[in-house]
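[1] Curious how this folds, go ahead:
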Amino acid sequence: MAVIVAGITWAAGGLFVRNLQACGLQGMTIALLRLSIAWAIFTICLIPAWKELFKVSRRDLLFLLLLGIIGPAGSQPLFIQSVTLTTVAVATILNYTAPFFVIILSRIFFNEAVTLRKATALALSVAGLVLITGVYKVKVVVSMPALLTGLGSGALYGTYTFMLRKIANSYNPLVIQWWSSLFGLPLLTLYAFPSLPRPFVLPPQAWASALALAAGPGVFAFILFTWALRRIHASHVAIMANIEPAAATIFSAWVLGEEVSFTQMAGIALVLIGIIIVSSARAPATSQATA
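    Next up, the predicted model:
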């Protein structure tokens, strides 16, 4: 349930992104704004337990540095770049190849079996995403840069999930996200700097959307996601997180009045069936169990 709620929260973030785009902000600027405010919220939440921040070992600090570079400063910019090079549908499908990379890494490093249940759930999930995005009817040739940036975003997203699973049991989720966000901020600032509006003046409704985007998808969802990774397999989490584009489609229809076709509804059903299949697998006995 934590993973599903996290995915739905990420999907709801698209509504706030739309509001910020209407105010003239570009994708990279929005990503930087979300991460900056989220880091500030993490800082405020950790004030009562600030000493925990300095209990992180030097070795784990290096690990969290890589986590910050791969996640907020890696996967997201590549996805945004992929969107500019091809269609949103194609970029989304390429980005959600992440579960494949998680399964491969979990097999190599955690010796996690590739079960029939997992393969079936992943196949249904991917089929559902194809129907939801409509990528099957996109008559466009995907260039090599678009393919590489799209697959790169999926690979880094999958690697981020795997690495987060590896350290999730060691520290408070707030501490993990505080350090990884801090390490991701410099690179993301470098990417976003050319597109930053000058002067950086936003109307009150834009700041409200930015705060909601940071507090919900940027903080609450990542805490749930990290907490869940302590308790279930990383590959299962990655497959369940595919609820995000399905939920985003529903939000678009419900809030924005966008039309949802029968094919998209069928795709949503397939994603949900895949989640039900993978979530019915036996969970680890304790939160300390390996994936």
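
[2] Can you show me the CA trace of the helix or strand bottoming out on mean pLDDT in the chain as PDB?
    Counting by mean pLDDT, DSSP states H and E, the chain has its least confident helix or strand at helix 88-95, which shows a mean of 81. C-alpha atoms of helix 88-95 as PDB (Å, rounded to 0.1, in the frame of the first residue of the first chain):
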ATOM      1  CA  VAL A  88       6.000  11.900 -24.200                       C
ATOM      2  CA  ALA A  89       4.600   8.400 -24.800                       C
ATOM      3  CA  VAL A  90       7.900   7.000 -26.100                       C
ATOM      4  CA  ALA A  91       9.900   8.700 -23.300                       C
ATOM      5  CA  THR A  92       7.600   7.300 -20.700                       C
ATOM      6  CA  ILE A  93       7.800   3.700 -21.900                       C
ATOM      7  CA  LEU A  94      11.600   4.000 -22.100                       C
ATOM      8  CA  ASN A  95      11.700   5.400 -18.600                       C
END
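
[3] Let me know the next secondary structure element after it.
    helix 98-109 (DSSP states H and E).

[4] For that following helix, name the packing helices and strands.
    helix 116-133, helix 144-167, helix 234-240 (3 or more Cβ pairs under 8 Å, 6 or more residues apart in numbering; DSSP states H and E). Any C-beta I mention is one placed from the backbone N, CA and C, and that applies to glycine too.

[5] now for whichever helix or strand comes after the shortest one, which elements pack on it?
    This points to helix 234-240. On the C-terminal side of helix 234-240, the nearest following helix or strand under DSSP H and E is helix 243-254. Helix 243-254 is packed against helix 2-22, helix 116-133, helix 262-279, with contacts defined by 3+ Cβ pairs under 8 Å, 6+ apart.

[6] now the ones you listed as CSV including mean pLDDT?
    Listed next are these as CSV, based on pLDDT from 0 to 100:
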stretch, mean pLDDT
helix 2-22, 88
helix 116-133, 88
helix 262-279, 88
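
[7] Give the burial count for Val5, as a bare number.
    15 (other Cβ atoms under 10 Å).

[8] Skipping adjacent residues, who's closest to it in space?
    Once flanking residues are discounted, Val5 sits nearest to Leu224: 5.8 Å by Cβ to Cβ, 6 or more residues apart in numbering.

[9] quick one on the thing from earlier: could you list the residues in contact with the least confident helix or strand of the chain?
    75, 79, 82-83, 85, 129-130, 133-135, 138, 140, 142, 146-147, 150-151, 153-154, 157, 245 (Cβ atoms under 8 Å, 6 or more residues apart in numbering).

[10] Okay, buried residues for it please.
    Neighbour-count burial for helix 88-95 flags Ala89, Val90, Ala91, Thr92, Ile93, Leu94, Asn95 (criterion: 16 or more other Cβ atoms under 10 Å).

[11] any idea how far the closest residue in space to the first one that isn't next to it in sequence is from Pro245?
    Pointing back at Ala89 there. Among residues not flanking Ala89 along the chain, Thr133 sits closest, at 3.8 Å (Cβ to Cβ, 6+ apart). For Thr133, the distance to Pro245 equals 7 Å [Cβ to Cβ, to the nearest Å].
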